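In: What follows is a predicted protein model with its sequence.
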Amino acid sequence: MRAIVFEEFGGPDVLTYVEVALPEPGSGEVTIDVAYSGVNFADIKARSEGYRVPSLPFRPGLEVSGVIRAVGPDVTGLAPGQEVAALVDGGGYAEVVVAPAATVFGIPDGLSLRAGATLPSALPTAYALLYEVARLREGDTVLIQGAAGGIGTVAGQLARMGGASAVYGVVSSLDKAEHALKSGYDQVFAADTFDTDVRAATGGRGVDIALDPVGGETFQRTLAVLGRFGRLVSFGNACSGEPWRIGPADTYPLGVSVAGFSILSMAAADPARLRVIAEQAFRTVAEGEVELPVSAEFALADAAAAHRLVESRTSTGKLLLRV
């Protein structure tokens, strides 16, 4: 079978389209004939920095949709020929992928395999960030960094669906504002001025909830615009800055709290809880309440071009590789 691999860290050109051995499922696993593979920022960090790469050569890709090819021992509830979406810890940029059965989900009725590929990562992440970690309440004001990206696109819609009184977004370029405004946001701010803009929009009060995948200086500036009893959830370090640190001086004056979330860590430690969250999140798409539009699609062999588009910081919504 064919797959994308890299044997060294670097730019998109290190991605190569090669022939590799066809995998077989082990105990508790299935193999999937991949239809589409999602492109995530974590794939770019894996290729460029070695994020979550245990050894080289490495095959990137964290989410796929397709048809179950075979099931291994001790797998129940899944069968060959079933259309599924899956969250995997690498290996998704391939014609066939091995996936833990615990993180393989049937695609909701009425959704295509193409739409199914948008589900495994962004939807459960956004749902968990807002409803499980930040504990969104009706009337809360919400600030979301990366508002035009995959998670940002669905998080804006989910915040609105959950009763937020105002949803503010931050984008790297105001060229992306139109996309974000279609996804539940009331106002969208540029990254270089968002803190001043949030204070003005809230009359100086600040926001109740903030979601940050960027880290570094952006994390600190986001923390500074929390209102009393505000909740900040970090779910990434896109800027590759030093890990954040906070103390009493940051949290005591307004009683704010800071939390973190990783869907891959949850998949490894508590797949049963992830399944519950994923099924709730997928239902919002099946019922037409939330949509994650595919903004660009590339052939598997053109994975490097997809990575270049992500790194250009001009992409919006979801990018897919067509397998």
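Out: Sure, I can see it.
In: Would you map the helices across the protein?
Out: Along the chain, counting by DSSP state H, helices occupy 41-49, 113-116, 122-127, 150-161, 177-181, 194-201, 216-223, 248-251, 263-269, 271-286, 303-311.
In: Of all those helices, which one is nearest Thr31?
Out: Across the helices of the chain, Thr31 has its closest neighbour in helix 113-116 (16.0 Å, C-beta to C-beta). From N, CA and C alone the C-beta is placed, and that goes for glycine too.
In: so what does the closest one touch, helix or strand wise?
Out: Counting contacts by 3 or more C-beta pairs under 8 Å, 6 or more residues apart in numbering; DSSP states H and E, helix 113-116 is packed against strand 29-39, strand 63-71, strand 83-87.
In: export the ones you listed to a markdown table and tack on distance to Arg160, mean pLDDT and mean neighbour count?
Out: Shown next, in a markdown table, are those (distance: least, C-beta to C-beta, whole Å; pLDDT from 0 to 100; neighbours: other C-beta atoms under 10 Å):
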| stretch | distance to Arg160 | mean pLDDT | mean neighbour count |
| --- | --- | --- | --- |
| strand 29-39 | 23 | 98 | 25 |
| strand 63-71 | 24 | 98 | 23 |
| strand 83-87 | 24 | 98 | 25 |
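In: The ones you listed into TSV, with extra columns for distance to Pro54?
Out: Listed next are the helices and strands packed on helix 113-116 as TSV, based on distance: least, C-beta to C-beta, whole Å:
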stretch	distance to Pro54
strand 29-39	17
strand 63-71	19
strand 83-87	17
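In: how far away is the closest residue to Arg283 other than its chain neighbours from Ala102?
Out: Spatially, and ignoring its direct neighbours in sequence, Arg283 is nearest to Pro108 (7.2 Å; C-beta to C-beta, 6 or more residues apart in numbering). Applying C-beta to C-beta, to the nearest Å, the value for Pro108 to Ala102 is 18 Å.
In: and the spatially closest residue to Pro271 that is not a sequence neighbour, how many residues sit next to it?
Out: Counting by C-beta to C-beta, 6+ apart, Pro271 lies nearest to Ala102, which is 3.6 Å off, once chain neighbours are set aside. When counting by other C-beta atoms under 10 Å, one arrives at 18 neighbours for Ala102.
In: right, and Ala102 touches Gly28 too?
Out: Yes: contact status for Ala102 versus Gly28: in contact at 7.2 Å, counting by C-beta atoms under 8 Å.
In: Compute the distance between Tyr93 and Leu300, please.
Out: Taking C-beta to C-beta, one finds Tyr93 at 7 Å from Leu300.
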